[in-house]
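Novice: what's the 3D shape of this:
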Amino acid sequence: MSFLKRLDRGLREFYVAPYRRVFARAKRDEEDLFMMLVLSEALGVPNPASGATLELLPEMMDRMHDWHIRQGLDQSPLDGLSCC
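Specialist: Numbering: from 1, shown residues only. The predicted structure follows:
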């Protein structure tokens with residue numbers, strides 16, 4: 001590996017490392033908000049974009065368990081859709 005590539009990797013790690021947790025938390029918060037938007041109609045909150053988000057529901061079901069645990073819910077809040 002050339003010196004410049006090693007220097008680039010080292011500098012990138014130097015600048016990114018202190019913010020890794022902040023980036024991870026921001027990503028998790030963004031995913032939680034997106035999950036809430038997609039599941040809002042199923043949770044009883046009116047969603048004007050429910051037609052567009054309905055297509056995403058099967059994809060979100062894979063992430064459902066992690067989401068409801070992070071939200072502090074012991075079981076899935078959706079009736080009839082159990083992930084535990």
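Novice: for the rest of this, base every contact and every neighbour count on C-alpha atoms.
Specialist: Will do.
Novice: list the buried ones in stretch 68-84?
Specialist: 68, 76 (16 or more other Cα atoms under 10 Å).
Novice: distance of the residue nearest the centre of the chain relative to residue 12?
Specialist: The centre of the chain sits closest to residue 31, judged by Cα atoms, centre = their mean, with a distance of 2.4 Å. As for residue 31, its distance to residue 12 is 25 Å (criterion: Cα to Cα, to the nearest Å).
Novice: residue 72 now?
Specialist: According to Cα to Cα, residue 72 and residue 12 sit 35 Å apart.
Novice: which parts of the protein are helices?
Specialist: 3-16, 20-39, 50-54, 57-61, 64-70 (DSSP state H).
Novice: report the distance from the first one to the chain centre.
Specialist: To tie it back to what came earlier, the one meant is helix 3-16. Remark: helix 3-16 is offset 28 Å from the chain centroid, using Cα atoms, centre = their mean, to the nearest Å.
Novice: now swap in the last one and tell me
Specialist: On the basis of Cα atoms, centre = their mean, the separation between the geometric centre of helix 64-70 and that of its chain is 10 Å.
Novice: contacts for that helix?
Specialist: 32, 35, 74-77, 83-84 (Cα atoms under 8 Å, 6 or more residues apart in numbering).
Novice: check contacts around residue 34.
Specialist: Applying Cα under 8 Å, 6+ apart to residue 34 gives no contacts.
Novice: could the helices of the chain be laid out in TSV, adding mean pLDDT?
Specialist: Shown next, in TSV, are these (pLDDT from 0 to 100):
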stretch	mean pLDDT
helix 3-16	93
helix 20-39	89
helix 50-54	77
helix 57-61	78
helix 64-70	81
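Novice: quick check: the gap between residue 51 and residue 83.
Specialist: Between residue 51 and residue 83 the computed distance is 23 Å (Cα to Cα).
Novice: follow-up on the earlier one: of the contacts of helix 64-70, closest to residue 58?
Specialist: Of all these, residue 35 has the smallest distance to residue 58: 11.6 Å, by Cα to Cα.
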